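Engineer: Below are the sequence and a predicted model for it; my questions follow.
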Amino acid sequence: MGLLDFLLGGSSSGANNNFQIGDKVRVKYRGQEGYIIDKNGSVYMVSINNGQVVDSYEANDLEKCW
């Protein structure tokens, strides 16, 4: 994933590197919180409500929760 992302230009945007798998995040426009469970290019898959809802979001739709 790392080398392939680099070759395809996925790592050129700093916003895409702010999150890692396992990070707790909040969906900005919904206010829902969950955990990043996967990354595909610049899209993050987020598990919300303990896996009851899984959806994909761009990095600019998410913010880290502490």
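Structural biologist: Yep, it's here.

Engineer: chain center to stretch 53-66, what's the gap?
Structural biologist: The chain centroid and the centroid of stretch 53-66 are separated by 5 Å under Cα atoms, centre = their mean, to the nearest Å.

Engineer: Give me the distance between the two termini of that stretch.
Structural biologist: End-to-end distance of stretch 53-66: 21 Å, with Cα to Cα, to the nearest Å as the criterion.

Engineer: Sort out which residues of that stretch are buried, please.
Structural biologist: If you call a residue buried by 16 or more other Cβ atoms under 10 Å, then stretch 53-66 has these buried ones: 57, 59, 61-62. (Each C-beta comes from the backbone N, C-alpha and C, glycine too.)

Engineer: before we move on, which element is the residue sitting nearest the centre point of the chain in?
Structural biologist: Closest to where the C-alpha atoms of the chain average out (Cα atoms, centre = their mean) is residue 44, at 3.1 Å. In this structure, residue 44 is located in strand 43-48 according to DSSP states H and E.

Engineer: For that strand, what is the distance to the chain centroid?
Structural biologist: Chain-centre distance of strand 43-48: 6 Å, with Cα atoms, centre = their mean.

Engineer: Quick one: name whatever helix or strand follows it.
Structural biologist: Once strand 43-48 ends, the next helix or strand along the chain (criterion: DSSP H and E) is strand 53-58.

Engineer: Output the strand of greatest length in the chain as PDB - backbone C-alpha positions only.
Structural biologist: The strand spanning the most residues in the chain, taking DSSP state E as the definition, is strand 33-40. Provided in PDB are the C-alpha atoms of strand 33-40 (Å, rounded to 0.1, in the frame of the first residue of the first chain):
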ATOM      1  CA  GLU A  33     -17.700   9.100  15.800                       C
ATOM      2  CA  GLY A  34     -16.000   5.900  14.800                       C
ATOM      3  CA  TYR A  35     -12.700   4.200  14.000                       C
ATOM      4  CA  ILE A  36     -10.800   4.100  10.800                       C
ATOM      5  CA  ILE A  37     -10.600   0.400   9.800                       C
ATOM      6  CA  ASP A  38      -9.200   0.700   6.200                       C
ATOM      7  CA  LYS A  39      -7.700   3.100   3.700                       C
ATOM      8  CA  ASN A  40      -8.000   3.000  -0.100                       C
END
